[in-house]
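Colleague: Provided below for reference: sequence and predicted model.
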Amino acid sequence: MRGPREGAPPDAQRLGGDQSEPEGCTEAGPSDPPGRRECSTPGASAGAAGLPRQKSHNSNDGDGPVGPKALEFPASAKRTAYALQLNVAAMCERHGIEKIGFLTLTFAEHILDPKEAQRRLNSLNTGVLRPRYGQVIRVLERQKSGRIHYHLLVNVGADIRSGVDFLAVENCDYRSVGRELKAEWAFWRRTAKTYGFGRTELLPIRSTSEAIGRYVGKYIAKHLEQREERDRRVRLVSYSGLRVASTRFGWANGGAREWRAKVKAFVLMLHGAGAILSPTAAAMRLKFGPRWAHYWRDSISRFGE
């Protein structure tokens with residue numbers, strides 16, 4: 001398996017990057033990740049297997065390499081990234097971080113049109129993602145070449161993390177990988193090309209839910225750096241299944257003001273009951289830990305109703 005790019009965190013490897021295939025590579029074995037090839041040359045990177053173009057996929061006539069056009073950073077992007085981090089943390093807490101997989105989907109074709117990319121992803125979501133995983137978080141990324149691909153968090157429903165030697169996996173040694181994860185790799189090798197996707201990669205989350213939330217959130221900023229005029233009003237993040245946060249709030253008014261008022265009343269109530277030493281955030285952290293607002297979110301949101 002190809003190691004992480006320079007500067008990339010260990011949660012996921014080969015996120016985008018070179019699509020070329022090195023010499024001396026053979027087809028992946030049945031227990032290898034989808035899109036993986038064994039390379040006889042030491043240190044050679046794994047390349048993507050060529051997949052046939054499907055007649056049902058509309059080509060983007062006239063689309064060639066297009067230089068990205070810089071656009072202003074939309075105010076909604078910060079809310080999108082913030083809500084994403086909350087939903088990632090809640091997803092890992094709900095199902096267990098050991099059951100969450102980080103899935104990267106790359107189109108077999110050089111897809112540049114976000115509407116076409118969204119059409120294909122919607123088809124995959126309806127036919128595969130939603131019925132197989134239930135809860136899915138999807139983030140769109142446009143690479144420097146203009147090519148679009150997706151990063152997803154999926155609830156595999158089984159422990160795919162325990163016992164995995166991440167360092168060994170980076171070096172194409174998959175002996176520590178459990179049968180559940182190998183079954184997912186085999187599934188995506190069979191399924192990806194049916195929906196027009198080429199190289200796919202599914203890995204366990206190596207670090208914490210907070211770290212993967214921040215990491216996935218960075219794809220929003222990265223996409224905006226490569227954003228084109230036709231990307232306006234394109235949804236950067238989409239969800240299937242339960243989510244605890246949306247982008248329909250304001251930082252200083254509306255839902256945010258109501259939330260802060262409920263937090264204040266909730267903390268005062270705990271202090272009045274003798275549960276905390278003082279009605280402060282510091283006292284809440286001391287008593288309940290640094291993520292107290294997250295753990296108490298349901299009680300806070302219903303407080304005063």
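Modeller: Cool, got the structure. Numbering: from 1, shown residues only.
Colleague: what about the closest residue to Ala192 other than its chain neighbours, distance to Ile100?
Modeller: Closest residue in space to Ala192, ignoring its immediate chain neighbours: Thr200 at 4.9 Å, by C-beta to C-beta, 6 or more residues apart in numbering. The C-beta positions use only the backbone N, C-alpha and C, and glycine is treated the same way. According to C-beta to C-beta, to the nearest Å, Thr200 and Ile100 sit 16 Å apart.
Colleague: just Tyr215 next, same as before
Modeller: 13 Å.
Colleague: With neighbour numbers in mind, choose between those two.
Modeller: Ile100 (26 against 21; other C-beta atoms under 10 Å).
Colleague: I'd say the more buried one and Ala158 touch.
Modeller: No - applying C-beta atoms under 8 Å as the test, Ile100 and Ala158 come out as separate, 10.8 Å apart.
Colleague: what's the model's confidence in the helix or strand containing Trp188, averaged?
Modeller: Taking DSSP states H and E as the criterion, Trp188 maps to helix 179-191. For helix 179-191, mean pLDDT rounds to 95.
Colleague: partners of the helix or strand just after that helix, with directions?
Modeller: Next along the chain after helix 179-191, taking DSSP H and E as the criterion, comes strand 197-204. According to DSSP bridges, strand 197-204 has the following sheet partners: strand 100-107 (antiparallel).
Colleague: name the helices or strands packed onto whichever helix or strand comes after the strand it pairs with?
Modeller: Sequence-wise, the next helix or strand downstream of strand 100-107 (DSSP H and E) is helix 114-124. Based on contacts counted as 3 or more C-beta pairs under 8 Å, 6 or more residues apart in numbering; DSSP states H and E, the elements that helix 114-124 packs against are strand 100-107, strand 136-142, strand 148-155.
Colleague: Tell me the secondary structure of Ile276, please.
Modeller: For Ile276, the assignment made with DSSP: H, G, I helix; E, B strand; the rest coil gives coil.
Colleague: distance of it from Arg285?
Modeller: Separation of Ile276 from Arg285 (C-beta to C-beta): 10 Å.
Colleague: of these two, who's got more company?
Modeller: Set Ile276 next to Arg285 and count neighbours by other C-beta under 10 Å: Ile276 wins out with 21 against 14.
Colleague: Next up, the contacts around that one.
Modeller: By C-beta atoms under 8 Å, 6 or more residues apart in numbering, the contact set of Ile276 is Val267, Leu270, Ala283, Met284, Leu286, Lys287.
Colleague: Return the closest of those residues with respect to Ala117.
Modeller: Nearest to Ala117 among these, counting by C-beta to C-beta, is Met284 at 43.0 Å.
Colleague: Am I right that the closest one is in contact with Trp292?
Modeller: Yes - counting by C-beta under 8 Å, Met284 touches Trp292, with 4.6 Å between them.
Colleague: if you count what's nearby, which of these two comes out ahead?
Modeller: More crowded of Met284 and Trp292, by other C-beta under 10 Å: Met284, with 22 against 19.
Colleague: who's in contact with Ser209?
Modeller: Taking C-beta under 8 Å, 6+ apart, one finds Val88, Ala89, Met91, Cys92, Glu93, Ile97, Ile100 in contact with Ser209.
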